[in-house]
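> Show me how the following folds:
(one chain, ligands or ions: 1)
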Amino acid sequence: MAQKKALITGVNGQDGSYLAELLLHKGYEVHGLVRRVGLEAPERRLERVVALRDQIKLHAASLENYAALYQAIAKIRPDECYHLAAASFVSYEFDDEFSTLTTNINGTHYLLASLKDLAPHCRFYFAGTSEMFGAAEASPQDESTRFRPRSIYGISKVAGFELTRNYRERYGMHASSGILFNHESPRRGFEFVTRKITSTVARILAGQSTELRLGNLEPLRDWGDARQYVEAMWRMLQQEHADDYVIATGRLHSVKQFVEIAFASVGLDWQQYVVVDQNYYRPAEKIPLCGNPAKAKRVLGWEATTDFAILVREMVAEDCRLLGLELPIIESTVS
Ligand code: F7E
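Down below sits the predicted model:
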């Protein structure tokens, strides 16, 4: 059988880099789309895939440029396309809403339109998100829960989700969406609360920082392990029929619980370091975003298995290692 070709947009992101590793391991020829500036400074801008550079093929194309995307698809003609690139930081301030909407909606549309013309049999994955549920009316949420996005990011993802469904129904494309709840790892971006916490804990331990400024500690999140979530993406594209799936753990933890475990894992008392700062404050959801992954389990045979406390401790340990610190072995009291 011919070697399958996969294209990943956002290949240098947390999910993109893990997915590239997974697909290489499965014997795929892996292509990644990156911005031109990335190719100009790979050590700095493509840090998560720099170690894979000899194994994957990188192409410069901006999601905002239809002609560039079209050319890249014409050159690659992928069998599977994983569309992960997006402006993904959630803000309720509606700052830079024009860029978020343009990149996320047009990027998805341009990709689908190019694939329809040039590689209509290519299987397509769209990275949907629990932010599409936004101010949800019920918890847990599943594939039939109504979307009520409350961030520009969530709105842009609902549009991408609907475009994906439309290309599936109208043109018969094998186009699926994952509705992924929060997923973390040692490669998480520093702007998200989990990595902000674990990297600051490491810096405090190294004597490089004295406090951790956070917003609201009360919100509850359904946090899973990114490495397991990319496996779910791949499984979706191996199904006979395209469909949409909630990918989640179904379990909730608060930001405060994450903080407690992270500090306790290196023997520190979080209350001595955490400062609540209104600048980072976002109101908590009235109804928490918690996924019901029953369909993924039933159809894909996929289930989130990583223990929350183990994930937190691993992220702290990895951030300590990056700073050259030996991690003290602490008996766990929080879980
Ligand atoms: O916030 C609270 C904040 O920015 C988590 C993205 O991957 O998951 C992610 O979106 C919670 C929120 O992730 C700080 O208010 C408190 O309640 O880590 P986050 P997110 O907004 O849930 C979804 C599924 C996506 O699709 C997104 O792309 O933590 N929080 N203090 C804080 N959050 C941040 N960032 N910084 C703080 O200081």
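> I'd like to know how many residues surround Glu97.
When neighbours are defined as other C-beta atoms under 10 Å, Glu97 has 15 of them. C-beta here means a position set from N, CA and C on the backbone, and glycine is covered the same way.
> how about the residue nearest to it when sequence neighbours are not counted, phi and psi?
Spatial nearest neighbour of Glu97, excluding adjacent residues (C-beta to C-beta, 6 or more residues apart in numbering): Ile152 at 4.3 Å. Dihedral pair for Ile152: phi -60, psi -40, per degrees, to the nearest 10.
> next one: Leu58
phi -100, psi 140.
> And it, how close does it get to Arg221?
For Leu58, the distance to Arg221 equals 32 Å [C-beta to C-beta, to the nearest Å].
> higher neighbour count, those two?
Neighbours per residue (other C-beta under 10 Å) separate Leu58 from Arg221, with Arg221 holding more: 23 against 18.
> Just the pLDDT for the more buried one.
You'll see Arg221 listed with a pLDDT of 97.
> What of the one 5 residues further on?
For Ala226, the pLDDT comes out at 98.
> now do Arg213
As predicted, Arg213 sits at a pLDDT of 98.
> okay, now the closest residue to it other than its chain neighbours: neighbour count?
Among residues not flanking Arg213 along the chain, Asp277 sits closest, at 4.1 Å (C-beta to C-beta, 6+ apart). Burial of Asp277 is recorded as 12 neighbouring residues (other C-beta under 10 Å).
> Asp277 and Glu191, how far apart?
15 Å.
> Also Leu322?
From Leu322 to Glu191 the distance is 17 Å (C-beta to C-beta).
> likewise Glu64?
Distance from Glu64 to Glu191, by C-beta to C-beta: 21 Å.
> neighbour count winner among these two?
Ranked by neighbour count (other C-beta under 10 Å), Glu64 and Glu191 place Glu64 first, with 14 against 10.
> which SS state does the more buried one fall under?
coil (DSSP: H, G, I helix; E, B strand; the rest coil).
> residues in contact with it?
Shown in contact with Glu64 (C-beta atoms under 8 Å, 6 or more residues apart in numbering): 102-103, 106-107.
> Okay then, goodbye and thanks.
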